[in-house]
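> Only the shape, not the letters, is given here:
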């Protein structure tokens, strides 16, 4: 029980259905024999009928069964089954043009698909499909592919149609693709839920949990700072990131070597560099970080800048805690912050399946 927040804090969290506490604790309801996440939308039990657990295992061993509504045994943010199927269809044939009618045939609501892709990638479903087609064509041309072959193999009926779509996305003609630049984005499954990563040919520029509310704003920030099109795809930086994340979650990597770029104001860059200097397995208070970046008393500004970090985990904003040792805030959810700190203290390791 020592790992749990104060009882009054947990009671406030579950009565407000506060999703930021999901994974930090679980509550067992004595009157029903069910255990839930704090965010569960079921009717709230009376405090006297609740007991708290740090892990699902503890709740199961205490005789509680998992709630069918909030599914406390599943990883929050996990890609929905229908979205997984849809992504597989796109990857098998990026040139295929999927219509709303095609989605309904697959028993997928087109409106739901639009919302999901907008939230997870910062673009609509159709924009994702267009970007995937053009991103793949972009890579093939840069690798020496014949323009005629690329045009036809990616579903374009004419050179003019392909050139127009290509130029609209990349700001240049297909013939100049070797010198064109873009940000490739990819979905990466992790033990703590899916991540969306973005990289230029030289640097990692984005790594966020897909269910984070700030994701859309982070994507807009990328467009502002880099002035490059963002398209789905893969490159050597993203491949290196996948390898290093796998080692990190297994507890075998303590320092990332994937090159990163994080433009921002001077203060923002100072704070993010300060985060990079916090050793693996250690934590620092917001006050301590403010002093570290020569801005004593600016812990609020430091906390705000922490929340604007576009490269989670690699730039370890999860290592900053309250002065009294409490977790404090975390855009990806306090349960993830707790899990990452436990990983770095050697208290747990994960199986990475990507």
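Perfect, I can see it now. Computed from a predicted structure; not experimentally measured.
> For the rest of this, base every contact and every neighbour count on C-alpha atoms.
Fine.
> Poorly predicted segments of the stretch 51-200 of the chain, please.
Within the stretch 51-200 of the chain, the ranges that satisfy pLDDT under 70 run 74-79, 119-122, 134-180.
> those helices in it, which residues are they?
Here the stretch 51-200 of the chain has its helices, by DSSP state H, counting those that start in this stretch, at 56-61, 81-92, 100-105, 110-121, 125-142, 147-153, 159-170.
> Would you mind measuring from the spatially most central residue of the chain to residue 192?
Nearest to the mean C-alpha position of the chain, by Cα atoms, centre = their mean, lies residue 209 at 1.6 Å. Between residue 209 and residue 192 the computed distance is 9 Å (Cα to Cα, to the nearest Å).
> Identify the residues contacting the residue nearest to the centre of the chain.
Taking Cα atoms under 8 Å, 6 or more residues apart in numbering, we find residue 209 in contact with 77, 193, 194, 195, 196, 215, 332.
> Between which two of those residues is the distance greatest?
193 and 215 (14.4 Å; Cα to Cα).
> Looking at the two, which one has more neighbours?
Neighbour comparison, residue 193 and residue 215: the larger count goes to residue 215, with 24 against 18 (by other Cα atoms under 10 Å).
> so how far is residue 14 from that one?
25 Å.
> partner residues bridging the residue nearest to the centre of the chain?
Beta bridges link residue 209 to residue 195, judged by DSSP bridges.
> Now do the closest residue to residue 27 other than its chain neighbours against residue 8, distance only.
Distances taken as Cα to Cα, 6 or more residues apart in numbering place residue 52 nearest to residue 27, at 4.6 Å, with adjacent residues excluded. Counting by Cα to Cα, the separation of residue 52 from residue 8 is 11 Å.
> next one: residue 248
With Cα to Cα as the criterion, residue 248 and residue 8 are 35 Å apart.
> Neighbour count: residue 52 and residue 8, which is higher?
Higher neighbour count among residue 52 and residue 8: residue 52, with 20 against 9, using other Cα under 10 Å.
> how much space between the more buried one and residue 324?
Residue 52 is 22 Å from residue 324, by Cα to Cα.
> And for residue 48?
According to Cα to Cα, residue 48 and residue 324 sit 28 Å apart.
> hey, where'd the strands end up in this structure?
Under the criterion DSSP state E, strands of the chain are mapped to 26-29, 34-36, 50-53, 65-66, 183-188, 195-199, 204-209, 230-232, 284-285, 320-321.
> Which of those strands sits closest to residue 129?
Nearest to residue 129, of these and by Cα to Cα, is strand 230-232 at 8.4 Å.
> Let me see the residues that make contact with the closest one.
128, 131, 132, 134, 135, 182, 183, 184, 185, 186, 223.
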